[in-house]
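**Student:** Task: produce atomic coordinates for the following.
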Amino acid sequence: MKICALFAVALVVMLSGCTSQSPIDPDGTLPIVSGLAIRTDACKGDTLVFAWDSLSVPVDEYTLWFSDNPLFFWMKAGDFTGLVGTHVADRCFTYSVWAQSGSQHSTALSARVIIGTTPLGTATTPSEERAIAGFSVSPDTIVGGDASNPDFHQDFFLRRQMMGYIICGGHTNPRQCPGGRWAQLAPALGDGFKAPVPDSREWSDTLSLYTSPRFFIKLESGHYGRFTAMVYQNPDTLLMGEIAEVNFVYQPIPRVRLFD
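**Tutor:** This next block holds a predicted model:
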């Protein structure tokens with residue numbers, strides 16, 4: 001009986017904690033906020049900037065919410081008196097907003113804005129003496145090619161050295177790989193959700209392929225990406241050499257270093 005009583009008390013405490021500050025509360029009376037959008041021109045690094053439309057009724061403030069599991073759990077990014085709000089994030093999230101006036105809030109959260117990455121898929125290319133395995137990134141695809149070909153504009157390439165393969169920014173060997181674009185690389189250690197700040201010593205022109213299971217890349221375009229890379233023996237026994245394979249995700253918001 002004591003256990004049941006304690007459980008009942010705990011349940012009451014939990015339920016009493018569900019106040020109007022939680023977006024699961026269905027008892028709002030204010031209109032739903034519309035027009036929530038990401039201000040891509042104002043975002044930078046780990047700071048995201050959002051804007052939304054004003055309501056036709058007086059409000060005290062707008063609350064910006066974020067979640068990595070929108071069906072069950074939301075967290076408050078902040079309260080804002082105007083029509084712009086910011087969030088310093090540690091990864092990509094889903095966002096929504098509502099209006100607040102005294103103890104009253106919107107009847108529901110606004111339409112969601114999902115901040116995420118674009119999977120570009122997998123690209124392969126031969127890695128051999130006559131062909132340096134290069135990879136070229138665009139907003140919607142990654143392609144492999146011969147980095148020693150001046151007509152191929154690689155963002156990074158893989159090269160065998162005495163101690164194994166290294167990954168190089170596309171610009172690092174203009175004599176042998178003349179078509180390359182500027183890029184820098186960093187290990188994507190831990191959860192891999194946030195690339196280092198631009199002036200971090202973690203960024204380098206070249207890294208060993210075995211430094212990390214995956215890598216961040218800072219592209220000449222101002223965008224960031226994250227990828228895994230591997231080299232394996234060509235399965236076609238009639239052909240000699242190895243195959244370089246890269247799987248890439250692209251952050252479509254320029255200057256933003258966040259991933260999911």
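
**Student:** for the residue nearest to Ser34 when sequence neighbours are not counted, what are its contacts?
**Tutor:** Excluding the flanking residues, the one nearest Ser34 by CB to CB, 6 or more residues apart in numbering is Asp53, at 5.0 Å. All C-beta spots, glycine's among them, are computed from the backbone N, C-alpha and C. Asp53 makes contacts with 33-35, 83, as judged by CB atoms under 8 Å, 6 or more residues apart in numbering.

**Student:** Residues touching stretch 165-173, excluding its own?
**Tutor:** 127, 134, 147, 153-159, 177, 179-185, 205-210, 215, 220, 229, 231, 244.

**Student:** What count of nearby residues applies to the closest residue to Phe152 other than its chain neighbours?
**Tutor:** Counting by CB to CB, 6+ apart, Gly145 is the residue found nearest to Phe152 once chain neighbours are left out, at 4.2 Å. Around Gly145 there are 21 other residues, counting by other CB atoms under 10 Å.

**Student:** cool, the one 3 residues further on as well?
**Tutor:** Applying other CB under 10 Å, we find 18 other residues in the vicinity of Ser148.

**Student:** Residue ranges in the stretch 151-260 of the chain under the pLDDT threshold?
**Tutor:** For the stretch 151-260 of the chain, the stretches flagged by pLDDT under 70 are 236-240.

**Student:** could you redo the last one with a cut-off of 80?
**Tutor:** Across the stretch 151-260 of the chain, the ranges flagged by pLDDT under 80 are 162-163, 233-241.

**Student:** Tell me where it has helices.
**Tutor:** Taking DSSP state H, counting those that start in this stretch as the criterion, the stretch 151-260 of the chain contains no helices.

**Student:** how does the protein divide into domains?
**Tutor:** Structural domains annotated on the chain: 17-114, 118-250, as defined by automatic domain parsing.

**Student:** Looking at those, which is nearest to Arg257?
**Tutor:** domain 118-250 (4.0 Å; CB to CB).

**Student:** now the end-to-end length of that closest one.
**Tutor:** 5 Å (CA to CA, to the nearest Å).

**Student:** Equivalent analysis for stretch 31-43, please.
**Tutor:** Length of stretch 31-43, first residue to last, CA to CA: 28 Å.

**Student:** How about that stretch, which residues are buried there?
**Tutor:** Buried residues in stretch 31-43, defined by neighbour count with 16 or more other CB atoms under 10 Å: 32-33, 36, 38, 43.

**Student:** same deal with stretch 198-214?
**Tutor:** If you call a residue buried by 16+ other CB under 10 Å, then stretch 198-214 has these buried ones: 202-205, 207, 209, 212.

**Student:** is it possible to export those residues to CSV including distance to Lys76?
**Tutor:** Below are the buried residues of stretch 198-214 laid out as CSV (distance: CB to CB, whole Å):
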residue, distance to Lys76
Glu202, 31
Trp203, 33
Ser204, 38
Asp205, 41
Leu207, 38
Leu209, 42
Ser212, 34
